[in-house]
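> Dropping the sequence and predicted coords here.
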Amino acid sequence: MSEFFMYIAELFAAPFFVRALIVGTLVSLCSSLLGVSLVLKRYSMIGTGLSNVSFGCVTVAVALNIAPLYISIPVVVASSFLLLRISDNSKIKGDSAIAMISSGAISIGVMAVYLTSGVTNDVCGYMFGSVFSLTQSDMVFSAALSVVVIIMFVIFYNRIFAVTFDENFARATGTNAGRYNAVIALLTASTIVVGMKMMGTLLISSLIIFPALTSMRLFKSFKIVVVCSGFLSVFCFFIGMALTVIFEAPAGASVVIAHIAFFLIFSAVSALKKIRKRSIEINE
Amino acid sequence: MRVVTILMSLINCKDVSLAYDGNIVLSDVNFQLNSGDYLCVVGENGSGKSTLIKGLLRLKSPVSGEIVFSDGLYSSHIGYMPQQSAAQRDFPATVFEVVLSGRLNSRRGKPFYSKSDRQEVSEKLYDVGMEGLKKHSYQELSGGQQQRVLLARALCATKKLILLDEPVSGLDPVVTSEMYSLIQEVNKKDGITVIMVSHDLNAIKYSTHILHLGNTQLFFGKTAEYVETPLGKRFIGENGNV
């Protein structure tokens, strides 16, 4: 037993582990806060779409020998704006636009890999996430961006609620809905670029979708749903990390499995509540 | 001695035409409203009533003509009650949160609501008789209750003008007349200009002006004049039997 504690103590002394915990907590928080709005605006798939774009950027950057973030940040932000724009104009619907952009980006990425070296470790890391390979500068950058996203979210919270709940009303009564949709797009793009390094292309959208959907099983107030999503997301991240440390399970997948477990628990509680309510009504 | 006051009209629609995807659904609308007027917009389904509301709210720009706001009217002075809530079934929001979002346009740059905003929301909820349900989930309310909440939200947003799109559709007669007297009070007491789309004959008696649409402007003028016209008589005849 003491060996186990020694192991844990060693982990907490290791810089890579501490970095993973700090960035992981912040990214989990960002994605879950934004997730509530994105899920309700029917943009659940935007996480997958943008992270595929990010994957494409990384492969191209590796091929060109440029630091990946310099390409992926501007391109992902631009795609995020484009996706929201396309949906507004509604010639191409939101879901097909996302599907188009993400499959296109993956193809470009795969082509870039084929034309250069073949699958590299870096690319593999971006596909499946590598929470323990964050460098010191990665951590500083990710932490700073996450803190900015969280502060912006809090400042714009009331406006984000207004444009999410009823965009026409917000627009009609003098709120610049386009601007706040752009804020949501920008914050989402930032979160995904940072979160991808941790969770990988394949798992990032679960960080956006699960906390919101799980909270919505039980709570009926927007504010409570947002707060609960934040807590759940951080909590599930810690559970995932614990699974990784104890069983040496893959980090990204462990976090998602923790989310699935909570979703099932919340669904069950919600179903029980409904049954109880119905039986009370019948008795009355 | 006659005192001549030159009133700038609050809203001036000049030869306005509105279209969906290039198909004109409403053409040549011309009318002026002054502060404190109560306009009832009538017409059959598909006659362009809701489209006109969208135009007045600047959600849709006219293909020709123009809609001019004056007398210091900005969109942040407008309250709006949509036909149905655009929000989805599963949207988690309490009654209080929904109505509070009506206060957003008076916040200007400030990020958070103040105590007076919350006070205002409580008062408006009291006015529409929803004070007791303010912590309740909006989506779990009945249709009529949701409409009252949307009215409270519109009242919170209103400073000079309120637009209501079929505010009483699907409500029972008692609640309907409550709604009307609330709207009339806002018009009379606070001097807020009202534009209301309605099928309901009872709505007309509260109004000062009528705009009758049938994909174009069939009548605009004082309510007292409207009821004497053949068009007005027919409208009242058709709807009076219901």
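Alright, I've got the coordinates.
> and the longest helix seen in chain B with chain A, contact?
Once chain B is assigned using DSSP state H, the helix that runs over the most residues is helix B:173-189. No: contact of helix B:173-189 with chain A (Cβ under 8 Å from any Cβ of the partner chain) is absent, the minimum separation being 15.6 Å. Backbone N, C-alpha and C define where each C-beta goes, glycine included.
> which residues are contacting that helix?
B:36, B:38, B:127-129, B:144, B:147-148, B:151, B:155, B:158, B:162, B:164, B:167-168, B:171, B:192-194, B:196, B:200, B:202-203, B:206 (Cβ atoms under 8 Å, 6 or more residues apart in numbering or on different chains).
> One more pass at 7 Å, please.
Taking Cβ atoms under 7 Å, 6 or more residues apart in numbering or on different chains as the criterion, the residues outside helix B:173-189 that touch it are B:38, B:127-128, B:144, B:151, B:155, B:162, B:164, B:167-168, B:171, B:192, B:194, B:196, B:202-203, B:206.
> Dump that helix to CSV, keeping only the CA atoms.
Extracted C-alpha coordinates of helix B:173-189, given in CSV (Å, rounded to 0.1, in the frame of the first residue of the first chain):
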residue,chain,number,x,y,z
PRO,B,173,-61.7,34.1,-22.8
VAL,B,174,-61.0,35.1,-19.2
VAL,B,175,-57.2,35.1,-19.7
THR,B,176,-57.7,36.9,-23.0
SER,B,177,-59.5,39.8,-21.5
GLU,B,178,-56.9,40.0,-18.7
MET,B,179,-54.2,40.2,-21.4
TYR,B,180,-56.1,43.0,-23.2
SER,B,181,-56.6,45.1,-20.2
LEU,B,182,-52.9,44.7,-19.3
ILE,B,183,-51.9,45.9,-22.8
GLN,B,184,-54.4,48.7,-22.6
GLU,B,185,-53.0,49.8,-19.3
VAL,B,186,-49.5,49.9,-20.7
ASN,B,187,-50.8,52.0,-23.6
LYS,B,188,-52.9,54.4,-21.4
LYS,B,189,-50.9,54.7,-18.3
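> Point out where chain A drops to low pLDDT.
A:1, A:85-94, A:117-128, A:202 (pLDDT under 70).
> Show me which residues of it sit near chain B.
Listed as neighbours of chain B in chain A under the rule Cβ under 7 Å from any Cβ of the partner chain: A:40, A:155, A:158-159, A:161-162, A:165-166, A:168-175, A:216, A:219-223, A:225.
> Helix, strand or coil: sort out B:I24 for me.
At B:I24 the chain is in strand, as set by DSSP: H, G, I helix; E, B strand; the rest coil.
> who's it bridged to?
B:A19 (DSSP bridges).
> so how far is A:L21 from it?
Relative to A:L21, B:I24 is positioned 61 Å away (Cβ to Cβ, to the nearest Å).
> swap in B:L56?
The spacing between B:L56 and A:L21, counted by Cβ to Cβ, is 54 Å.
> Among the two, which residue is more densely surrounded?
For B:L56 and A:L21, the more surrounded residue by other Cβ atoms under 10 Å in any protein chain shown is B:L56, and the numbers stand at 22 against 16.
> pretty sure the more buried one is touching B:L163, no?
Yes: in terms of Cβ atoms under 7 Å, B:L56 counts as a neighbour of B:L163; the distance is 6.2 Å.
> Spit out the residues that contact the two alike.
The contact lists of B:L56 and B:L163 share B:I195, where a contact means Cβ under 7 Å, 6+ apart.
> Packing partners of the lengthiest helix in chain A?
Longest helix in chain A by number of residues (criterion: DSSP H): helix A:251-283. Packed against helix A:251-283, as judged by 3 or more Cβ pairs under 7 Å, 6 or more residues apart in numbering or on different chains; DSSP states H and E, are the following elements: helix A:204-218, helix A:222-247.
> which strands and helices sit next to the longest one?
Where contact means 3+ Cβ pairs under 7 Å, 6+ apart, helix A:222-247 is packed against helix A:15-40, helix A:204-218, helix A:251-283.
> Go again with 8 Å.
helix A:2-13, helix A:15-40, helix A:157-165, helix A:204-218, helix A:251-283 (3 or more Cβ pairs under 8 Å, 6 or more residues apart in numbering or on different chains; DSSP states H and E).
> which one of the ones you listed is the most hemmed in?
Most buried of the helices and strands packed on helix A:222-247, by mean neighbour count (mean count of other Cβ atoms under 10 Å in any protein chain shown): helix A:204-218, with a mean of 25.
> chain center to it: distance?
Distance of helix A:204-218 from the chain centroid (Cα atoms, centre = their mean, to the nearest Å) equals 10 Å.
> what's that helix packed up against?
helix A:15-40, helix A:46-64, helix A:177-199, helix A:222-247, helix A:251-283.
> what angle do it and helix A:222-247 make?
If you take axes from the mean of the first three to the mean of the last three Cα atoms, to 10 degrees, helix A:204-218 sits at 130 degrees to helix A:222-247.
> Restricting the selection to alpha carbons, write helix A:204-218 to CSV.
What follows is helix A:204-218, C-alpha atoms only, in CSV (Å, rounded to 0.1, in the frame of the first residue of the first chain):
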residue,chain,number,x,y,z
ILE,A,204,-13.0,16.6,-27.9
SER,A,205,-16.7,16.9,-28.7
SER,A,206,-17.6,14.7,-25.8
LEU,A,207,-16.1,17.3,-23.5
ILE,A,208,-18.5,19.8,-25.0
ILE,A,209,-21.6,17.6,-25.2
PHE,A,210,-21.7,15.3,-22.1
PRO,A,211,-21.6,17.8,-19.2
ALA,A,212,-24.4,19.9,-20.7
LEU,A,213,-26.6,16.9,-21.6
THR,A,214,-26.0,15.3,-18.2
SER,A,215,-26.9,18.4,-16.2
MET,A,216,-30.0,19.0,-18.4
ARG,A,217,-31.3,15.6,-17.2
LEU,A,218,-31.9,17.0,-13.8
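> what about residue 203, neighbour count?
By default, I'm working from chain A. As a burial measure, A:L203 scores 24 neighbours (other Cβ under 10 Å).
> Actually, chain B is the one I wanted.
The burial metric for B:A203, expressed as a neighbour count using other Cβ under 10 Å, is 24.
> you'd agree it is up against B:V168?
Yes: taking contact to mean Cβ atoms under 8 Å, the distance of 7.4 Å between B:A203 and B:V168 places them in contact.
> still on that earlier bit, rebuild the helices and strands packed on helix A:251-283 as JSON lines, extending it with distance to B:D28.
Formatted as JSON lines, the helices and strands packed on helix A:251-283 follow (distance: least, Cβ to Cβ, whole Å):
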{"stretch": "helix A:204-218", "distance to B:D28": "48"}
{"stretch": "helix A:222-247", "distance to B:D28": "43"}
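> and of those, who's closest to A:S254?
Set against A:S254 and scored by Cβ to Cβ, those come closest in helix A:222-247, at 3.9 Å.
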